[in-house]
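>>> just the structure for this:
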Amino acid sequence: MFRQYARRMPPHHPRLPQPLPPQQDRPRAPLSGLARSLSCALTGAGSRLIAAAVLCFLATGCATFSKDRYIAPLYSEHSTAGGGKQIEALGGMLIQRRDVLDGPVRFAGLRPLYLQEKPEGRPRTTDFLTPFGRATESENDYTWALFPVARFSRRRDPDGGTRWSWLSLPGLYFAGYPDGRMSRAWFPIAGRIQGLMTWDDMLFILWPLFIRSTHGSYTNYHLPFPFISWTRGEGASGWRIWPIYGQKKLDGIADRWFFLWPFFQHQDNNLKAQESQHEYHWMLWPLFGYTRQGTMKAYMFLWPFFGWSHDPRTGFWAFDGPWPIVRLQRSGETDGINRTRFWPIYSNFNYESEGVESTWWLWPLYNARDAKHYDGTKKSKSFIPFYMRYERESEYGGRTTYQKIWPLYQVDTHGSGKRWSTPVLNPLWRFPRLERQWNWIYQLYTRATDGDKVRERAWLGIYRREKDADEDRRYLSVLWSNRRYQLEGEAVSETSLLFGFLRWRSRPSNSLQLMWPAFPGPGWPLERVRAPVIPDLLARPEDQTE
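Residues are numbered from 1 along each chain as shown. From the prediction side, this is the model:
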């Protein structure tokens, strides 16, 4: 209708737009055939068809929850060497690991705030706000602590009873025992405590104004501590007005007194032993002191700086002059402790009967230590902060070694397992609890091997390798991934590129085979292909039976 109206108007009417020239007369850019096809497809109904095709492509090409998805450091869920599964997010801040694909969670946490580990056959441990907080739980014991705020512990006895205790700021203490007894205290206001350290029972009110403590058959009263006290009970007596004068006698244990403490002191100790083992001691502080026990005699001058002791029966002798800089000690025939110290240049400690020897040079820089344990031996060397190494041989755990070259790398081995990582930020002795809370941030590369298992990880999980006897998987986040395994006696290789949009499989008996896309990639099955069992050709055939 518009065209009919336009034909009746003058050819150059100013109110009407001029008709466009015929399409064949319009100026055209030089388009290739493919470009012209795309230009037509993107107009009208063609654009809707393309959009629908893309949506269908994405809907059918997404990796499901049973597939590997690796877009580190944002998120990754992948199969681990040995057939387990691991989830990481935010570069390793969030982590969860299972040793078996559908098994229980062995390791999980939100680092560096919280980390829980439950090794098979060992107590479950939870670290939080490391190194201040930790909880451990086993079948019969549970402990929770946040230093220095609070600590709780619970233990079930073999006979079914339970004992527990709670200690927290500001000075609160509660405890329960299997026989129904309770301890309650709010230090320093008031409290009654039973079975704590050396006290059988202790009552205090406005500590130190009034304290009553019971040890076995005798009781001590303090009003206030330590100035006025007295002792009553079977075989015990004593009183004290400190620091003027005090005396205390425990039948068969000790007889002690002081005058103008600490200047004049006298003690007879170890009275339960035979007379040759009684200890006799007196001191005129700080000028001179004397101690005798059997054939051993000790003299002190200007305590604690100078001292000399010897035992002619055993050959033992020791000299301090001045303490703690110079210390010389020889055990003689007793196989006891030998010391040689010229601090801080050189120091040697040797405990022959326990198999312990430690040597320091330029303390605290260099140390070499050898020790015997109930199940093996341990040797260590350190030059703080640059070098640390130890070796341990255990009857139960086998051989364990650790070596650190700060800040370049550290490596530790245990049995057939070995772990290597770089760099190392901690300049002091090894602290695994603290390192595993933070190493995901700063470690550039880690490699762990155990038999046929290989695990590699680069910074924030950008690169990873998980290899075992069944498969070898490598991931380079978003860009590339490769999976290799054996199928029907052939080596199979699968590759994924660019969020899993381009994937293919290759094997010697078949040409290149394209695989369906699996966004966000790589889309490998979490369950690994089991490698074929290789028969043992040297195995003895079973005896034939009728």
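
>>> ok, and the closest non-adjacent residue to residue 109?
Once its chain neighbours are removed from consideration, residue 109 has its nearest residue in residue 115; the separation is 3.4 Å (C-beta to C-beta, 6 or more residues apart in numbering). In this view, the C-beta of every residue, glycine as well, is placed from N, C-alpha and C.

>>> which ones are touching the one you found?
When contacts are counted by C-beta atoms under 8 Å, 6 or more residues apart in numbering, residue 115 touches 107-109, 126-128, 130, 436-437.

>>> swap in 7 Å and give it another go.
Taking C-beta atoms under 7 Å, 6 or more residues apart in numbering, we find residue 115 in contact with 109, 127, 436-437.

>>> tell me how far it lies from residue 450.
21 Å (C-beta to C-beta, to the nearest Å).

>>> what do you get for residue 156?
Remark: distance between residue 156 and residue 450 (C-beta to C-beta) = 35 Å.

>>> got it, and residue 92?
Taking C-beta to C-beta, one finds residue 92 at 20 Å from residue 450.

>>> of those two, give the one with the bigger neighbour count.
Just comparing residue 92 and residue 450: by other C-beta atoms under 10 Å the higher neighbour count belongs to residue 92, 20 against 17.

>>> for that one, grab phi and psi.
With angles defined as degrees, to the nearest 10, residue 92 shows backbone torsions of phi 120, psi 0.

>>> with residue 354 instead?
Torsion angles, degrees, to the nearest 10, at residue 354: phi -100, psi 0.

>>> which residue, neighbours along the chain excluded, lies closest to residue 351?
Of all residues not flanking residue 351 in the chain, residue 337 sits nearest, at 5.1 Å (C-beta to C-beta, 6+ apart).

>>> identify the residues contacting the one you found.
With C-beta under 7 Å, 6+ apart as the criterion, the residues that contact residue 337 are 329, 331, 351.

>>> now render those as JSON lines, adding secondary structure and pLDDT.
Shown next, in JSON lines, are these (DSSP: H, G, I helix; E, B strand; the rest coil; pLDDT from 0 to 100):
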{"residue": "329", "secondary structure": "strand", "pLDDT": "96"}
{"residue": "331", "secondary structure": "coil", "pLDDT": "90"}
{"residue": "351", "secondary structure": "strand", "pLDDT": "92"}
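
>>> most neighbours among the residues you listed, which one?
Counting neighbours by other C-beta under 10 Å, residue 331 comes out on top of the contacts of residue 337 with 20 neighbours.

>>> now that one. Its backbone dihedrals?
Backbone torsions of residue 331, given as degrees, to the nearest 10, read phi -80, psi -10.

>>> quick one: it and residue 349, what's the gap?
When C-beta to C-beta is applied, the distance between residue 331 and residue 349 equals 12 Å.

>>> how about residue 277?
Distance, residue 277 to residue 349, by C-beta to C-beta: 26 Å.

>>> can you classify residue 437 by secondary structure?
helix (DSSP: H, G, I helix; E, B strand; the rest coil).

>>> not counting its neighbours along the chain, what's nearest it?
In space, not counting the residues next to it along the chain, residue 437 is nearest to residue 112; the distance is 4.1 Å by C-beta to C-beta, 6+ apart.

>>> report the separation between that neighbour and residue 184.
When C-beta to C-beta is applied, the distance between residue 112 and residue 184 equals 36 Å.

>>> ok, back up a step: pull out the buried members of the contacts of residue 115.
109, 127, 436-437 (16 or more other C-beta atoms under 10 Å).

>>> where does pLDDT dip in the stretch 301-450 of the chain?
Counting by pLDDT under 70, the stretch 301-450 of the chain shows no low-confidence range.

>>> helices of that one, start to end?
Listed in chain order, the helices of the stretch 301-450 of the chain (DSSP state H, counting those that start in this stretch) span 432-442.

>>> and the strands in it, which stretches?
Secondary structure of the stretch 301-450 of the chain (DSSP state E, counting those that start in this stretch): strands at 306-311, 316-320, 326-330, 337-342, 346-351, 356-361, 366-373, 376-383, 387-394, 398-405, 409-414, 417-422, 445-450.

>>> only C-alpha atoms, please: export the fourth one in PDB.
Listed next in PDB are the C-alpha coordinates belonging to strand 337-342 (Å, rounded to 0.1, in the frame of the first residue of the first chain):
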ATOM      1  CA  ILE A 337      74.900 -38.700  82.300                       C
ATOM      2  CA  ASN A 338      78.200 -37.100  81.000                       C
ATOM      3  CA  ARG A 339      78.200 -33.400  80.200                       C
ATOM      4  CA  THR A 340      80.700 -31.000  78.700                       C
ATOM      5  CA  ARG A 341      79.500 -27.500  78.200                       C
ATOM      6  CA  PHE A 342      81.300 -24.200  77.200                       C
END
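
>>> which residue would you name as the spatial centre of the chain?
For the chain, the residue sitting closest to the mean C-alpha position, by C-alpha atoms, centre = their mean, is residue 433 at 2.1 Å.

>>> contacting residues around that one?
Each residue near residue 433 by C-beta under 7 Å, 6+ apart is listed here: 127, 130-131.

>>> repeat that for 8 Å
Taking C-beta under 8 Å, 6+ apart as the criterion, residue 433 is in contact with 127, 130-131, 134.

>>> can you tell me how far it is from residue 212?
When C-beta to C-beta is applied, the distance between residue 433 and residue 212 equals 41 Å.

>>> equivalent analysis for residue 363, please.
On the measure of C-beta to C-beta, residue 363 and residue 212 end up 45 Å apart.

>>> can you select the buried ones from the contacts of residue 433 in PyMOL?
Entered in PyMOL, the line below selects the buried ones among the contacts of residue 433, by 16+ other C-beta under 10 Å:
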select buried, resi 127+130+134
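
>>> which residues does the nearest residue to residue 250 once chain neighbours are set aside form a beta bridge with?
With C-beta to C-beta, 6+ apart as the measure, residue 236 is the residue that lies nearest to residue 250, at 5.2 Å, once sequence neighbours are left out. For residue 236, the beta-bridge partners under DSSP bridges are residue 233, residue 250.
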